[in-house]
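A.B. asks: Below: sequence and its predicted model.
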Amino acid sequence: MQQPKQQQLSVQAQKERDRLKAQREGQLNKKEQALNKLSDEEVVVQLKAKGLGVYGTKQEKLDRLKKANGIEVSKCESAPQQQQAPIQQPPQPPKGSVVDNIKKMEQQREERRKNMQEMKREKAEREEYNQILGKNVDVEFELMIDKSRLKGGLIQEHQTTQNIKLCVCVRKRPIFKKEEVAGEIDAISCANPMIRVHESKLKVDGITKYVENHDFQFDNTFSEVEQGKDIYDVSLAPLMELLVNQGVVTCFAYGQTGSGKTYTMKSIQELLAIDLYKLINASPSFKIVVSFFEIYGGKCYDLLNNKAPLQILEDKNNNIQVQGLIERPCESENELFQLMELANSVRTTHATVANDTSSRSHSICQIMIRQGYADMGKLILVDLAGSERAQDTQSNNRQRRLEGAEINKSLLALKECIRAMDSGQGHVPFRASKLTLVLRDSFTAKSNKSRIIMIACISPGSSSADHSLNTLRYADRLKDKSNQAKVQLEEREVSNEELLYRQQQQNGYDNKSQENNNNYNNNNNNNNNNKLSQQDKQNTPLQLPKINDARNQNNQNAVNLKKNQSQGPDKEKPKSQPVPPKQSKRINSVQEDSDDEVAAEELVNKKNGQVKEDVR
Ligand SMILES: Nc1ncnc2c1ncn2[C@@H]1O[C@H](COP(=O)(O)OP(=O)(O)OP(=O)(O)O)[C@@H](O)[C@H]1O
């Protein structure tokens, strides 16, 4: 009697397994169909969100994405075949019908000729047009690049830095007339948050031209039509409140020489001066103190004190002190702006192979907001020296080459510190260079009080494409994406009970660490000449007057304006533009995961141990 019962059970289990398998396959098919419909840009966005590589053809990228979604490769390969199936193959001519074959070949030849003529016509038209404009560019490359450009406008609106601890932005400067006359093509296209570098190349035969496209995605990207104000509005303006609540805001401009770092920083300084005094005027007890120095060849010089040499020292409380640095109080926005102008004008510049007036030093502008003797907040604007590769410095003299080496060393140290800070590592190697040493506060401030904005500037010229790639790769590596991916993966694998347990543990730990933090900060603050006011100890955010509301309104206006512009006749949205991914990449990945999680939960709830076996 027991045997038939067992058989019955195993048949039931088999049925259940088949049913689940069919259900799972159905889900995968749906997912696969959805993936097949994605445009190239959307595939790239999703790959980046999953921390995967974005190289290869569109099909290869799609396959990689499918694999990451749990769809089998063989299945992936069969998908396009399934799609192609409905296409009616023309009936094969019977063997020996030579005449038909010849006709077909003639048709194909005719088509090729037409295409060739069309290309020649297009090329001639473009050459004529370029001649009128005085452009002296390679038309073949120009046409190829134009065909592979990201369509104009924004894929996504710019995000503000309010909730982003490390915000990495890219700014492309416009191409200059003299560059076009010298044969440069605009080789960068930009549609926030994507940026594409079109690298012109020759095949191994040495004559066949082709264009290799490199895609990157950042928190924000700004094209040549966007102004310094657009960057300021989303990057620094939202952080004004933090500046009077013990915040440390650091803004870096990084990039190849001549890519627009100083230009960007100057426009930001101008807007900042206005906003800071709006803030100060609303609370008269606040005052602004500014110091400005440069780090050149590993040494520090005061830019507001006739370039007097400075020393960087560490006191017994491990605080970094720049000995001899003059701090100038400023009474008005004009005074602040004039001091900044003065400091910028005395900065060390030299003519290099790449730029006639290349800034060879890192300039650091520190703006402290004080109430009495207490620091309420600190803003640090760092205009980094132009990044150069070793091969660019070959024809420079020894001094320039040493400068280049020193600059690169400090940029590398900066990258390591930002990465360590972003990934939440306890140890930040800020002693690796003078630059990171003086910026210690930016890396070690409490995470909710510290914001870093990195603006990577790039030149659009085709001859700068490899420099631009270097800059973008540097910026891309600042954010530890693998960490995020790992956390997501790990979270998918733990059970609900375990998650609950972890959460409880975490809460306990957070409370403890919060206490420890408070103790540590209080001690630290005491050591730090008891500078902090009562308000800091209570940790209550200061209520700000209308300035931020006004800014938010401005932001909204800017966004609306951009929307209107992009809908206007000049910037008509191309129909082929990919559907904008509304959510951030993290939200996307959570949603994808949730499908699987819901399915798994349903199964677990429905059935007994046998079903659990299947789920596993
Ligand atoms: N967005 C922009 N719009 C118009 N002109 C720009 C823009 N960005 C830069 N420029 C111009 O490009 C030139 C070089 O810019 P800038 O001096 O800011 O470069 P840089 O990156 O600071 O160079 P370096 O590192 O060598 O000092 C300047 O003449 C500047 O006016």
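C.D. replies: All right, it came through fine. Treat the numbers as computed from the prediction; the structure is a model and nothing was measured. Numbers count the residues shown, from 1 in each chain.

A.B. asks: Can you verify Gln338 is assigned to a strand?
C.D. replies: No - if the criterion is DSSP: H, G, I helix; E, B strand; the rest coil, then Gln338 is helix and not within a strand.

A.B. asks: burial count for it?
C.D. replies: 13 (other Cβ atoms under 10 Å). Backbone N, C-alpha and C define where each C-beta goes, glycine included.

A.B. asks: Next one: it from the ligand, what distance?
C.D. replies: Distance, Gln338 to the ligand, using Cβ to the nearest ligand atom, to the nearest Å: 19 Å.

A.B. asks: Kindly report the same for Lys123.
C.D. replies: 30 Å.

A.B. asks: Relative to Val139, how far out is that residue?
C.D. replies: Distance, Lys123 to Val139, by Cβ to Cβ, to the nearest Å: 5 Å.

A.B. asks: Could you check which of those two is surrounded by more residues?
C.D. replies: Val139 (18 against 14).

A.B. asks: for the closest residue to Gln227 other than its chain neighbours, what are its contacts?
C.D. replies: Using Cβ to Cβ, 6 or more residues apart in numbering and skipping residues adjacent in sequence, the residue nearest Gln227 is Ser267, 7.3 Å away. Neighbouring residues of Ser267 by Cβ atoms under 8 Å, 6 or more residues apart in numbering: 227-229, 231-232.

A.B. asks: For the stretch 101-250 of the chain, which residue gets nearest to the ligand?
C.D. replies: Arg173 (3.6 Å; Cβ to the nearest ligand atom).

A.B. asks: confidence score at that residue?
C.D. replies: Here, the pLDDT recorded for Arg173 equals 92.

A.B. asks: about what we covered before: what helix or strand is the residue nearest to Gln227 located in?
C.D. replies: Ser267 is part of helix 261-282, with elements assigned from DSSP states H and E.

A.B. asks: That helix near the ligand anywhere?
C.D. replies: Yes - using Cβ under 6 Å from any ligand atom, helix 261-282 reaches the ligand at 261-263.

A.B. asks: Next, the buried residues of stretch 431-442.
C.D. replies: Neighbour-count burial for stretch 431-442, counted by 16 or more other Cβ atoms under 10 Å, picks out 432-442.

A.B. asks: I'd like to know which of those is nearest to the ligand.
C.D. replies: Nearest member of the buried residues of stretch 431-442 to the ligand, counting by Cβ to the nearest ligand atom, is Leu435, at 14.7 Å.

A.B. asks: which ones are touching the closest one?
C.D. replies: So Leu435 contacts 295, 362, 382, 410, 413-414 (Cβ under 8 Å, 6+ apart).

A.B. asks: Which ones among these lie within strands?
C.D. replies: 295, 362, 382 (DSSP state E).

A.B. asks: hmm, who's touching the strand or helix carrying Met376?
C.D. replies: Using DSSP H and E, Met376 maps to strand 374-383. Here strand 374-383 makes contact (Cβ under 8 Å, 6+ apart) with 236, 242-253, 261-262, 265, 268-269, 272, 286, 359, 362-370, 435, 439, 441-442, 531-533, 536, 542.

A.B. asks: what about the nearest residue to Leu239 once chain neighbours are set aside, neighbour count?
C.D. replies: Excluding its sequence neighbours, the residue lying closest to Leu239 (Cβ to Cβ, 6+ apart) is Val249, at 5.0 Å. By other Cβ under 10 Å, the residues close to Val249 number 24.

A.B. asks: dump the residue contacts of Val249.
C.D. replies: 236, 239, 242-243, 377-380, 450-451, 453.

A.B. asks: That one belongs to a strand?
C.D. replies: Yes - judged by three-state DSSP, Val249 forms part of a strand.

A.B. asks: what sits opposite it in the beta ladder?
C.D. replies: Leu379, Arg451 (DSSP bridges).

A.B. asks: Residues of this structure that sit close to the ligand?
C.D. replies: So far as Cβ under 6 Å from any ligand atom goes, the chain lies against the ligand at 173-174, 255, 257-263, 355, 358-359, 386, 457.

A.B. asks: tally of neighbours for Ser283?
C.D. replies: Other residues close to Ser283 by other Cβ under 10 Å number 15.

A.B. asks: make that Gln162, sorry
C.D. replies: For Gln162, using other Cβ under 10 Å, the count is 15.

A.B. asks: Now do the contacts for it.
C.D. replies: 238-239.

A.B. asks: okay, it: pLDDT?
C.D. replies: 82.

A.B. asks: Find the closest residue to the ligand in the stretch 401-550 of the chain.
C.D. replies: Counting by Cβ to the nearest ligand atom, the stretch 401-550 of the chain gets nearest the ligand through Cys457, at 5.7 Å.

A.B. asks: How about the secondary structure of that residue?
C.D. replies: strand.

A.B. asks: Please apply the same query to Val289.
C.D. replies: Val289 ends up strand, using three-state DSSP.

A.B. asks: beta partners of it?
C.D. replies: Going by DSSP bridges, Val289 forms beta bridges with Pro329, Met368.
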